[in-house]
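Enquirer: Model the structure of this input:
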Amino acid sequence: MGVLSKDVPIDPDRGVSARLYLPSGEAAAAAAAKLPIVVYFHGGAFCIESPFSPQYHRYLTSLAAAAGVVAVSVHYRLAPEHPLPAAYDDAWAALKWAASNAASGPEPWLAARGDLRRLFLAGDSAGANIAHNMAVRAAAKEEDLGFAIKGLVLMNPYFWGKDPVGEETRDAEVRARMESTWGFVCGGRYGIEHPFVDPWGSPRAWRELASERVLVTVSEMDLFRERGKAYAEGLEKSGWRGEVRVYETEGRITFTTSLSPTPKRLSTSCRSSPPSLIALDELIHSHSHSHSHSHHYTV
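Expert: Got it, this is the predicted structure:
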């Protein structure tokens, strides 16, 4: 299946834009008129990368083709020139833009092909942090949004805190560096225990997370591995009524890895796809559940 892409402005004054992806060809035309929408936030520690980086363009192209979705890859402002909460504000503006266009145009790819009833947020590292915070903000119901978030996909999410969790490093230098990096990207506005980076500091927001399903992927050697696992466990115990899945990979496998091992339970036709694509596709197209439970897969 081919994929079309184009760049669109969202807020030119602030430099916010997006790269859109739409499956094309006979297979896409024969499919249902409406496709799930995935709003994607790239990683890069809040200070590097963009939707236009080659690896993100390749990944979103693969995502649109493999999962059959309309993808919105968000270009948000970066630190240090634009410290947090700039990225959060830009992501929120992009989310509302995508939803409003899917509801009533004028962006034709979203208006004609996007299914607002199947809206998913996804991201890797810092982008996963952004996706989580968008779901928290949506749950706060500070404004009438006109949409609901069906699912949340957090790949190696950028979470941290003052005290180690699980088998997280106890190395004082590493922990000091992580705290310093966070202070750098937020301009010193928020401490390392702020709910923006440490969701454990806001348990009520977890219980009210605006998403029916959550997928967390973690990598064995990734610095944020223990935080990702603890996030999923904490979400399940918080009283949140939804489905959480954890996919854990061996080594240090990033979201862009194209030659990664895949779960043995999957068909051989899927073996060439990265685990993150397979897991995301399963989450998008699975049936929802009315009670809280979890699944854990090691791949």
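
Enquirer: Can you list the strands that the helix or strand containing Gly123 pairs with?
Expert: Using DSSP states H and E, Gly123 maps to strand 114-124. Sheet pairing here is set by DSSP bridges, and for strand 114-124 it gives strand 35-41 (parallel), strand 151-155 (parallel).

Enquirer: got CSV for the ones you listed, with mean neighbour count too?
Expert: C-betas here are computed from N, CA, C, even on glycine. Compiled in CSV, the strands paired with strand 114-124 are given as follows (neighbours: other Cβ atoms under 10 Å):
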stretch, mean neighbour count
strand 35-41, 26
strand 151-155, 27
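
Enquirer: Can you convert those strands into JSON lines and add a column each for mean pLDDT?
Expert: Output for these, formatted as JSON lines (pLDDT from 0 to 100):
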{"stretch": "strand 35-41", "mean pLDDT": "98"}
{"stretch": "strand 151-155", "mean pLDDT": "96"}
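
Enquirer: is it true that Tyr158 touches His42?
Expert: No: counting by Cβ atoms under 8 Å, Tyr158 does not reach His42; the two are 11.8 Å apart.

Enquirer: Between these two, which contacts overlap?
Expert: Ala126 (Cβ atoms under 8 Å, 6 or more residues apart in numbering).

Enquirer: Helices along the stretch 101-250 of the chain, start to end?
Expert: Assigned by DSSP state H, counting those that start in this stretch, the stretch 101-250 of the chain shows helices spanning 108-113, 126-140, 172-185, 203-207, 225-237.

Enquirer: Give me the most central residue, this structure.
Expert: Ala122 (2.1 Å; Cα atoms, centre = their mean).

Enquirer: Ends of stretch 56-75, what's the gap?
Expert: One end of stretch 56-75 to the other measures 11 Å (Cα to Cα, to the nearest Å).

Enquirer: Would you tell me which one of the helices of the stretch 101-250 of the chain is buried the most?
Expert: helix 126-140 (a mean of 24; mean count of other Cβ atoms under 10 Å).
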